[in-house]
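Enquirer: any chance you could fold what I've pasted below:
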Amino acid sequence: MDVIIRADGGSEIGYGHLFRSAALAEELQRNGETVTVATTTPQPARTVFPESVTISQLPSRSDPSPFIDWLDTAATDVVFTDCYPVDTSYQQAVRQRVPLAVLQDDARHAVCADLLVNGNLYAADLDYTYVGQQPKACLGPDYVILRREVRARLQKDPAWRPQPERALITMGGSDTAGLTPTAVRAFDGFDLRVDAVVGPGCPAELEQEVRKAAATSSTKVRVSRNPETLVTLMAEADFAVSTASTTTYELLALGTPILSIPVANNQEAVASSLRRRDIATVLQRTAGEKAFRNAIKELIQQTELRRTRQRRGRELVDGNGVIRVRDALRSITETRADQ
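Expert: Next up is the predicted model:
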């Protein structure tokens, strides 16, 4: 099966779409499929996708014409898109040529596709509209696409200490809201070892601010940029401070209790779902250092709360979503071939 993935990402728009698509690409290649990535952000894509994936640069995010022209010359069995500008008309243009799978985190666009994927907690509650035949739907955390490193770690029991010793701060690939220094300062005075992770797209100025906050803290804070050991740090932390992004699902699967904050409009639904299910401590988007500090104190003190959230997170996200999505991609190519 020849698969084309349409995805963008980087320091300005975040890395979540690229990380998610790269995990799918790796799983597809592991099963002998051929993968090409069409993107307007080739440099960030090259840092995320496996080296064996072909990267093709597009000139426009929202205009489908260059992608369609290129698609007409490519041999492919299915297109998988994980990109907000792929709206209804964009989908229609693609689907006229090849089976189409759309990963869409919300219902902002009417869907014109053979397969709709949304692995979010709230996915089944959205009011989708469709153009043409209703697609096969893969909705909810059973279809969360996680990285191979995370899935491999799920074979081990999560770390558990009644008295927390380690915490993690990870605000995404670029920390677009600049919250890492605030989180570092909020840990000041707690008897913990804190790993503060700076993502690959984080500006140098923000990294300097993070390191300055760490240097002036009485708490042991270690700052690292894009560490290869990130999944290990996530798994071994007694709790993690993170945005309400795709990292949320990795932490849930690993059983790491979460202090979550939404930093973009598209993260509000994730934050609301976490709060409603009581599976994370969720701050308001405008929260400052004091709110972070109070929430950290609560997580340290409430042992049973952390234990319960550890268990419920692993029950919600089993890590096999990428395999289910891979199989669904195969099914729509077979269905279109039979028509």
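Enquirer: could you pull out the strands for the protein?
Expert: 2-7, 34-39, 54-57, 78-82, 100-103, 115-118, 136-139, 166-170, 193-198, 220-225, 239-243, 258-261, 281-282 (DSSP state E).
Enquirer: for the residue nearest to G255 when sequence neighbours are not counted, phi and psi?
Expert: Nearest residue to G255, sequence neighbours excluded (C-beta to C-beta, 6 or more residues apart in numbering): P158, at 3.4 Å. No exception for glycine: its C-beta is placed from N, CA and C like everyone else's. Dihedral angles of P158 (phi, psi; degrees, to the nearest 10) stand at phi -70, psi 160.
Enquirer: and P158, how close does it get to D195?
Expert: From P158 across to D195, the span is 16 Å (C-beta to C-beta, to the nearest Å).
Enquirer: higher neighbour count, these two?
Expert: Taking other C-beta atoms under 10 Å, P158 and D195 do not tie; D195 has more neighbours (23 against 20).
Enquirer: let me see the contact set for the more buried one.
Expert: With contacts defined as C-beta atoms under 8 Å, 6 or more residues apart in numbering, D195 is in contact with 166-169, 221-222, 224, 233, 237.
Enquirer: between these, which is nearest N266?
Expert: Nearest to N266 out of these is I169 (C-beta to C-beta; 21.3 Å).
Enquirer: any idea what the closest one is bridged to?
Expert: For I169, the beta-bridge partners are A196, V241 (DSSP bridges).
Enquirer: before we move on, the earlier item: and the strands of the chain as a markdown table, adding mean pLDDT?
Expert: Formatted as a markdown table, the strands of the chain follow (pLDDT from 0 to 100):
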| stretch | mean pLDDT |
| --- | --- |
| strand 2-7 | 97 |
| strand 34-39 | 97 |
| strand 54-57 | 96 |
| strand 78-82 | 97 |
| strand 100-103 | 98 |
| strand 115-118 | 98 |
| strand 136-139 | 98 |
| strand 166-170 | 98 |
| strand 193-198 | 98 |
| strand 220-225 | 98 |
| strand 239-243 | 98 |
| strand 258-261 | 98 |
| strand 281-282 | 98 |
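Enquirer: quick one: closest of those strands to S331.
Expert: S331 lies closest, by C-beta to C-beta, to one member of the strands of the chain: strand 136-139, at 7.0 Å.
Enquirer: before we move on, the earlier item: format the strands of the chain as JSON lines; extra columns: distance to K212.
Expert: What follows is the strands of the chain, written out as JSON lines (distance: least, C-beta to C-beta, whole Å):
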{"stretch": "strand 2-7", "distance to K212": "34"}
{"stretch": "strand 34-39", "distance to K212": "34"}
{"stretch": "strand 54-57", "distance to K212": "36"}
{"stretch": "strand 78-82", "distance to K212": "36"}
{"stretch": "strand 100-103", "distance to K212": "38"}
{"stretch": "strand 115-118", "distance to K212": "40"}
{"stretch": "strand 136-139", "distance to K212": "44"}
{"stretch": "strand 166-170", "distance to K212": "15"}
{"stretch": "strand 193-198", "distance to K212": "12"}
{"stretch": "strand 220-225", "distance to K212": "10"}
{"stretch": "strand 239-243", "distance to K212": "18"}
{"stretch": "strand 258-261", "distance to K212": "21"}
{"stretch": "strand 281-282", "distance to K212": "27"}
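Enquirer: remind me which residues of the stretch 151-300 of the chain are low pLDDT?
Expert: Applying pLDDT under 70 to the stretch 151-300 of the chain picks out no residues at all.
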